[in-house]
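[1] Have a look at this fold, sequence not included:
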C-alpha cells in the first residue's frame, strides 16, 4: 500500500536522519604543562672543612657579644674547631667578657659574598633548651644600611629541643617585616639545609624538600634588599629571644657540626 506524504514531511525526515548520524567533535584537549625545569647549577665556592684550621680567606671569626636578641653568650675563637672534616661550634657554661656562657660565630663578610644561586650546608645541631644554632645570611651593605633594611635570610634556625627547623626572611617594610615557616624534621641528625634564590623568589629546602617560597619579584613589599649581595654566617646563640631565657646547663657543652658550606650559581 502506498501512502502519499506532503513534501515538507519528507524534508523533516531527511534533516532528522542527518543529525542523528552526526558525531560531535571531541573537546579540545590541552597538553599538560610540564613541571618547571630544575635549575642547572654549577659549584662556584665551597668549604668542606678538610683543613686543620678555619680558612681565614673565607671566614671572619667574631668575638664578643653581638648585642642583639638578648643573647647571653660571649663569642670567642676557643669555641671553634675543625674536627674530622667538620666545623664544630661549641656552647659552654663558663664566664667570659662579663657573660656566663661562651659560643662562637663566623661570617664571610668581605670574603665570600654574592646574590642569587643556591646556598647550602650539611649540619647537625644540638637538641638542648636555650641553644639556637643557625645558618644564615645578611646583606653585605649592613654597615651602610643597618639591619633590618639590609635584609636577612635565615636558611635554617633551630631552637631548644624541638623537632622543628625554621626558614625566614627579614627586612624593613615600614618596620621590621618577616616571612617564615617551620618544618618538622630531626635536627639532631645531619641534614642539608638550602635556599634557591633568584630575581623572583627565595625557596627553602631541607634535604631537597621544598617547604617555603617567598616572592621578591620587582622588589614587591620593599624587598629590594634581596636583589643585592649577601654574606654567610654560622652561629650558635645561647638563651636569646628566639629560644626563651632559660638554658639547660646540664646539656653543656653542646656542639653544632657543619660538614660543608657550598654556593652554586645557575649555568
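    All right, it came through fine. Remember, predicted model here, so these are calculated numbers, not experimental data. Numbering: from 1, shown residues only.
[2] Show me where the stretch 51-200 of the chain has its strands.
    With DSSP state E, counting those that start in this stretch as the criterion, the stretch 51-200 of the chain has strands at 60-61, 73-75, 80-83, 86-96, 99-103, 105-107, 113-114, 117-124, 131-139, 152-157, 164-172, 176-184, 191-197.
[3] just those strands: most buried one?
    Mean neighbour count (mean count of other Cβ atoms under 10 Å) peaks for strand 73-75 among these, with a mean of 27. All C-beta atoms are positioned from the backbone trio N, CA, C, and that covers glycine.
[4] and that strand, what does it pack onto?
    Using 3 or more Cβ pairs under 8 Å, 6 or more residues apart in numbering; DSSP states H and E, the elements in contact with strand 73-75 are strand 99-103, strand 230-238.
[5] do you know which of the strands of the stretch 51-200 of the chain lies nearest residue 264?
    Among the strands of the stretch 51-200 of the chain, the nearest to residue 264 by Cβ to Cβ is strand 117-124 (4.1 Å).
[6] can you tell me which residues contact residue 113?
    140, 229-231 (Cβ atoms under 8 Å, 6 or more residues apart in numbering).
[7] 10 Å - rerun?
    137-141, 228-232, 263 (Cβ atoms under 10 Å, 6 or more residues apart in numbering).
[8] returning to that earlier point: looking at the helices and strands packed on strand 73-75, which is nearest to residue 131?
    Smallest distance to residue 131 across those (Cβ to Cβ): 6.1 Å, for strand 230-238.
[9] tilt between the closest one and strand 131-139?
    Put simply, strand 230-238 runs at 160 degrees to strand 131-139, going by axes from the mean of the first three to the mean of the last three Cα atoms, to 10 degrees.
[10] pLDDT of the following helix or strand past strand 230-238, averaged?
    Next along the chain after strand 230-238, taking DSSP states H and E as the criterion, comes strand 254-266. Mean per-residue pLDDT for strand 254-266: 97.
[11] Now do the buried residues in strand 254-266.
    Buried residues in strand 254-266, defined by neighbour count with 16 or more other Cβ atoms under 10 Å: 254-264.
[12] What is the nearest of the contacts of residue 113 to residue 155?
    Nearest to residue 155 among the contacts of residue 113 is residue 137, at 6.9 Å by Cβ to Cβ.
[13] So which of the contacts of residue 113 is the closest to residue 70?
    The closest of the contacts of residue 113, once distances to residue 70 are taken by Cβ to Cβ, is residue 138, at 18.7 Å.
[14] how much space is there between the closest one and residue 113?
    As for residue 138, its distance to residue 113 is 10 Å (criterion: Cβ to Cβ, to the nearest Å).
[15] can you check residue 229 too?
    Distance from residue 229 to residue 113, by Cβ to Cβ: 5 Å.
[16] Same check on residue 53?
    Going from residue 53 to residue 113 by Cβ to Cβ gives 22 Å.
[17] just to revisit the earlier point, out of the strands of the stretch 51-200 of the chain, flag the one nearest residue 222.
    Closest approach to residue 222 among these is made by strand 164-172 (6.8 Å; Cβ to Cβ).
[18] Quick check: which helices or strands does the closest one pack against?
    With contacts taken as 3 or more Cβ pairs under 10 Å, 6 or more residues apart in numbering; DSSP states H and E, strand 164-172 sits against strand 131-139, strand 152-157, strand 176-184, strand 191-197, strand 201-206, strand 209-215.
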